[in-house]
Every structure is written in structure tokens, then in C-alpha cells.
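Asker: Next input, structure requested:
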Amino acid sequence: MSHSQQAPAEVYPPPPSAAYPPPELAAPPPAGYPTKEDPPNPQNAPPVETKSRGDGFWKGCCAALCCCCVLDACF
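Answerer: Numbering: from 1, shown residues only. Below is the predicted model:
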């Protein structure tokens with residue numbers, strides 16, 4: 001056996017020069033989404049209003065819990 005120099009093996013398929021070119025156009029962001037052109041302006045922001053959940057929220061939670069217990073006992 002002789003040890004001669006061989007040409008480097010070629011890779012199949014050859015690697016692409018550029019995997020994927022960047023998109024030319026992009027979809028606009030959703031309405032109200034902040035962009036780089038619109039810096040935040042806290043002075044013009046409306047005040048944050050919170051609302052109380054009230055008594056109905058807790059009544060609904062208790063009713064759901066009772067319903068689950070009754071269904072668990074029956075089945």
C-alpha cells in the first residue's frame with residue numbers, strides 16, 4: 001500500500017453560501033404594539049383604574065367548589 005496525498009473529500013450537497021436571505025418586507029406590528037419610533041410617554045398616559053371584584057366573585061368560587069364536592073360525592 002502506498003501513502004499518497006489525496007484531494008480533500010467534497011461534501012455533498014455543498015453548503016449554501018447564504019442559508020436564507022433576510023426578508024425584504026415584514027408585516028406591521030399589531031395595533032397598539034409599541035415600536036422603536038414611538039418612545040413611551042408617561043405624562044400623557046391615562047391613570048390606571050382598578051375595579052373591585054365584589055361579592056359575586058367569591059359567591060361564584062364557593063358555588064363552584066360546592067358543585068365539585070357534590071359531584072365527587074355522587075359519582
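
Asker: Can you pull out the low-pLDDT segments for the chain?
Answerer: Within the chain, the stretches with pLDDT under 70 are 1-5, 7-8, 11, 14-23, 38-45, 53.

Asker: can you give me the helices for it?
Answerer: For the chain, the helices defined by DSSP state H occupy 54-74.

Asker: what about the strands in this structure?
Answerer: Ranges of strands in the chain, per DSSP state E: none exist.

Asker: mind pulling up the phi and psi values for A26?
Answerer: Main-chain torsions, A26, degrees, to the nearest 10: phi -120, psi 150.

Asker: Let me see the contact set for it.
Answerer: By C-beta atoms under 8 Å, 6 or more residues apart in numbering, the contact list for A26 is empty. Any C-beta I mention is one placed from the backbone N, CA and C, and that applies to glycine too.

Asker: And it, how far from G32?
Answerer: 18 Å (C-beta to C-beta, to the nearest Å).

Asker: With C67 instead?
Answerer: Taking C-beta to C-beta, one finds C67 at 38 Å from G32.

Asker: Also C69?
Answerer: 43 Å.

Asker: Pick out whichever of these two has more residues nearby.
Answerer: C69 (10 against 5; other C-beta atoms under 10 Å).

Asker: Tell me how far that one lies from G60.
Answerer: With C-beta to C-beta as the criterion, C69 and G60 are 15 Å apart.

Asker: Next: K51.
Answerer: Taken as C-beta to C-beta, the span from K51 to G60 is 16 Å.

Asker: Look at these two and report which has more neighbours.
Answerer: G60 (11 against 5).

Asker: Please report how far that one lies from P30.
Answerer: 32 Å.

Asker: Give the buried residues for stretch 61-75.
Answerer: For stretch 61-75, the neighbour count (16 or more other C-beta atoms under 10 Å) marks no residue as buried.
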